[in-house]
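S.K.: sequence first, predicted coordinates after that:
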Amino acid sequence: MINRKDLEKHEFIGMRIEVLESDNKSQKGIRGKVIDETQKMLKIESGGKEKNVPKRGSIFRFTLTEGVKVKIVGDKIAARPEERIRKC
């Protein structure tokens, strides 16, 4: 089970997410579900549309399955998922 301390080690696909801050102000407030992840981007399904949000320059709030909300600075997770999981 994913917990607050281990979140940065896990894959984000399928998780609920909100963009709290972004260098691109039009992306602030995007909410939805992560449907894909690359080294530099999170693809979020929001309101029936897919939105690509860069990890760098953004702050995200993930909602864990038990309802716990965790804030993560995107610069800390800006790596390929498989590399991020190995390095943590």
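M.R.: Done, it's in.
S.K.: all helices for the chain, in order.
M.R.: Along the chain, counting by DSSP state H, helices occupy 81-87.
S.K.: show me where it dips below the pLDDT cut-off.
M.R.: Within the chain, the stretches with pLDDT under 70 are 1, 87-88.
S.K.: ok, now with 90
M.R.: Along the chain, the parts satisfying pLDDT under 90 run over 1-11, 65-67, 79-88.
S.K.: ok, which stretches of it are strands?
M.R.: Secondary structure of the chain (DSSP state E): strands located at 16-22, 31-37, 41-46, 49-54, 58-63, 69-73.
S.K.: and for the first one, what's in contact with it?
M.R.: This means strand 16-22. 27-34, 42, 44, 53-54, 57-63, 71 (CB atoms under 8 Å, 6 or more residues apart in numbering). Quick note: C-beta positions are derived from backbone N, CA and C, even for glycine.
S.K.: likewise for stretch 74-81?
M.R.: Counting by CB under 8 Å, 6+ apart, 8, 11-12, 37-40, 54-60, 84, 87 sit against stretch 74-81.
S.K.: just the buried residues of those.
M.R.: 8, 12, 37, 54, 55, 58, 60, 84 (16 or more other CB atoms under 10 Å).
S.K.: which of the contacts of strand 16-22 count as buried?
M.R.: The neighbour-count test (16+ other CB under 10 Å) marks 27, 30, 32, 34, 42, 44, 53, 54, 58, 60, 62 as buried among these.
S.K.: residue 37 versus residue 14, what's the distance?
M.R.: Using CB to CB, to the nearest Å, one gets 10 Å for the distance from residue 14 to residue 37.
S.K.: next: residue 28.
M.R.: In this view, residue 28 and residue 37 are 20 Å apart by CB to CB.
S.K.: measure stretch 60-78 end to end?
M.R.: Criterion CA to CA, to the nearest Å; first-to-last residue distance in stretch 60-78 is 12 Å.
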